[in-house]
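*Asks:* Fold the following for me, if possible:
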Amino acid sequence: MGDEPVGRSLTQPPAEGDRLSTSLLSQAGSQLFRIAVSIGISGWTARYLGPTSLGKLSYVAALVGVLSPLGSLGVKGSLGILLCEQPQLPGLVATAFRIELVGTLLIALVLLPVAWASRDPVVAGLMGLAVLANLFNSAEVYEVELLSQQRGTCVAKAGILETLAGAFTSTVALVSQAPLMVFGAVQAAAIAAKALLLQGFANQWDFNQFRQGATWLTAEALLKRGWPLLLAGLSVMLYMKSDQVMIDWIKGPEEVGQYSTAVKAAESIYFIPVVVTSTFLPRIGLGSGSFASDQALRQLYKASWVIGIAMTVATTTLLSPLIPTIFGDEFRPAQGAMTWLGMAAFSVSTGTSSSAWLQKMKLEKLSALRTAIGCLANILLNLIFIPREGFVGAAMATFLSYTIATFLVPLAWSRMTRENMCRLAFPFLVSQAQSK
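*Replies:* Take a look at the predicted model:
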């Protein structure tokens, strides 16, 4: 954890820099295409279903989303960093894939009593389809492998196909005026298409070789590095998705439908810091972890700061007025949540980039702790604000909990994390001071 580079030198040849730029731009382009298509499809779907039916669909998605980290058991994050380390453990990708299959089974077992207790066959069916989608999503291990090889263009192509498959199946369902259950199958079909393409790009069609590549030693290493990330992932999903679950319990599905449109609009640009961080992660993993000597870390922090400000402005001034235009006048009340969700975007962007540094410095426990505290804060604030303010109160709780998790918790951990937080919050000022 010193200032010495791990693996190869920090100075990269021009060809690698070109691959980084191409990877970043291709993934960003893929996500922008996804947004453009999703805006039209989501608006059409919301107008067709209405707030109450959309609220049911969103409730199931949120409930399954809370459990989705069980589907990976934290190995997605640990796989990304272990692929950067030398010597590399045998069968990393094959082992990670088999662990994710076990995780999907855990999700199904947890949801069985919940589906039975709902007494609603439509809700139970939607839960089953969501578990199926999570099974296909196990192919995310191939995405991590491709990104570690700086083959982000392959990931972008898979994302475009997923978008097209989802748009096609959604259009068929809307034109045929399909029942609510069909809309739960749409996402599973789209994720299945993406999974097949990622598997093809990663050349993982030899199932016998893939099965034999998994080892217990590698599984132990993945789980050991991944369990704090699993807790962090559970906490993240809790304070990203628990809002909608709690709104349904306290206020009912109609307010969930309103809030889900605001969240969908706000989160439509959350992909930007995720793409930037995942593209930089291989270089962060090979770097020193020192802000002073690691150029990639400085670039990432500066980019996340600018992106966070831009996301806040875009959410509050551009996306909010578009809600009634896209989703219909029935969803105009959702604009009330956009201001708070927009202010949370800065913490989302900077927090995503700081997660890469925490992984590099092997501070996964801090990553788990900060998200757990943020999750607890969000649940408590939801209990205070939702009964009084409805879904707008949930947006307020989201903003406050993101701020607590991203900035306040690392400040109390250690001197090293306090210094890093200062660099994260003021990357340009720190750079100027160092240059003098």
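
*Asks:* What residues sit buried inside stretch 77-91?
*Replies:* Using 16 or more other CB atoms under 10 Å as the test for burial, stretch 77-91 gives 77-84, 89, 91. For every residue, glycine as well, the C-beta is placed using N, CA and C.

*Asks:* Ends of it, what's the gap?
*Replies:* The first residue of stretch 77-91 is 16 Å away from its last residue (CA to CA, to the nearest Å).

*Asks:* thinking again about what came up before, which ones among the buried residues of stretch 77-91 map onto helices?
*Replies:* If you go by DSSP state H, those have 77-82 in helices.

*Asks:* sorry, back to before: from the buried residues of stretch 77-91, pick the one nearest residue 256.
*Replies:* Residue 256 lies nearest to residue 77 out of those, by CB to CB, at 29.3 Å.

*Asks:* Now the closest one. Nearest residue, chain neighbours left out?
*Replies:* residue 229 (3.9 Å; CB to CB, 6 or more residues apart in numbering).

*Asks:* Contacts only, for the one you found.
*Replies:* 74, 76-78, 359, 364, 367-368 (CB atoms under 8 Å, 6 or more residues apart in numbering).

*Asks:* Kindly recompute the last result at 7 Å.
*Replies:* 74, 77-78, 364, 367 (CB atoms under 7 Å, 6 or more residues apart in numbering).

*Asks:* does it count as helix, strand or coil?
*Replies:* At residue 229 the chain is in helix, as set by DSSP: H, G, I helix; E, B strand; the rest coil.

*Asks:* any low-confidence regions in the stretch 101-250 of the chain?
*Replies:* For the stretch 101-250 of the chain, the stretches with pLDDT under 70 are 204-213, 231-233, 235-236, 239-240.

*Asks:* Apply 80 and report the result again.
*Replies:* Applying pLDDT under 80 to the stretch 101-250 of the chain flags the ranges 114-115, 117-120, 147-153, 155-156, 159, 202-215, 225-241.

*Asks:* re earlier: including distance to residue 117 and pLDDT, could the buried residues of stretch 77-91 go into TSV?
*Replies:* Listed next are the buried residues of stretch 77-91 as TSV, based on distance: CB to CB, whole Å; pLDDT from 0 to 100:
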residue	distance to residue 117	pLDDT
77	32	73
78	34	79
79	35	82
80	37	75
81	39	75
82	39	81
83	41	78
84	44	72
89	42	80
91	40	80
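
*Asks:* Can you tell me the element the residue nearest the centre of the chain falls in?
*Replies:* The centroid of the chain falls nearest to residue 274 when counting by CA atoms, centre = their mean (7.1 Å). Residue 274 belongs to helix 271-286 when assigned by DSSP states H and E.

*Asks:* try residue 172
*Replies:* Assessed by DSSP H and E, residue 172 sits inside helix 152-175.

*Asks:* Output the contacting helices and strands for that helix.
*Replies:* Helix 152-175 makes packing contacts with helix 14-67, helix 140-148, helix 180-201 when contacts are defined by 3 or more CB pairs under 7 Å, 6 or more residues apart in numbering; DSSP states H and E.

*Asks:* of all these, which lies closest to residue 267?
*Replies:* helix 14-67 (10.3 Å).

*Asks:* returning to what we had before: right, and out of the buried residues of stretch 77-91, which lies closest to residue 406?
*Replies:* Nearest to residue 406 among the buried residues of stretch 77-91: residue 77, at 17.1 Å, using CB to CB.

*Asks:* Tell me how far that closest one lies from residue 161.
*Replies:* 25 Å (CB to CB, to the nearest Å).

*Asks:* Next: residue 116.
*Replies:* Distance from residue 116 to residue 161, by CB to CB: 36 Å.

*Asks:* These two: which is more packed in?
*Replies:* The neighbour comparison of residue 116 against residue 161 (other CB atoms under 10 Å) goes to residue 161, with 17 against 9.

*Asks:* What's the separation between the more buried one and residue 270?
*Replies:* Separation of residue 161 from residue 270 (CB to CB): 21 Å.

*Asks:* Likewise for residue 75?
*Replies:* 22 Å.
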